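> just coords:
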C-alpha cells in the first residue's frame, strides 16, 4: 500500500477537496457581496498555498515520496477549476444582473471595437522615446565632443 501512486491519488483527492471548498466559499461570497469577490481571491490563494505547504511538511511522515504528493495535490486543485470556474463566472454574472449593476467595463481593442471606437495605440513605457528620437539629456553617440 505504500506505492507512490497511492500517495499521489490521496493528495489528488485532497486537492479536489480544497478546490470544492474554495468553490463553496467563493459562491457564498458572490451571493452575499459580489463586489468583494476580487479581494477574496487572496484568501483562495492562501488556502491553496497552505495545502501545498502541508503536503510538503508532512511528506516525510508518510511512506510516500514528496514529488508524487505535490504533483497529485497540485493537479487535484487545478483540474476541478476547469469545470468550476465557468460556473463561478455565471454566478457572478447572475449576481451582478440581479443587483441591477453592470459587469465591469472591459478595456482594450475588443471593447473599443464593440463601442464603435478606434482602438488607441499602446503607450510607450516610461523613459522610452519613439525610435529615431533622443530623450533629453541622453547621448546617442552621434555627437562628437571636443574637449579642450
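The structure has been received and is ready for your questions. Here the structure is a predicted model, which means the values were calculated and not measured.
> which other helices and strands contact the helix or strand containing residue 40?
Residue 40 is part of helix 37-58 when elements are defined by DSSP states H and E. Where contact means 3 or more CB pairs under 8 Å, 6 or more residues apart in numbering; DSSP states H and E, helix 37-58 is packed against helix 4-32, helix 66-78. Just so you know, the C-beta spots here come from the backbone N, C-alpha and C atoms, and that holds for glycine as well.
> what's the average pLDDT for the last one?
Averaging pLDDT along helix 66-78 gives 94.
> Poorly predicted segments of this structure, please.
Scanning the chain for pLDDT under 70 picks out 1, 100-117, 119-148.
> Please point out which parts of the helix holding residue 40 sit buried.
37, 40, 44, 48, 51-52, 55 (16 or more other CB atoms under 10 Å).
> Can you lay out those as a markdown table showing distance to residue 82?
A markdown table is the format used below for the buried residues of helix 37-58 (distance: CB to CB, whole Å):
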| residue | distance to residue 82 |
| --- | --- |
| 37 | 19 |
| 40 | 20 |
| 44 | 16 |
| 48 | 15 |
| 51 | 18 |
| 52 | 19 |
| 55 | 21 |
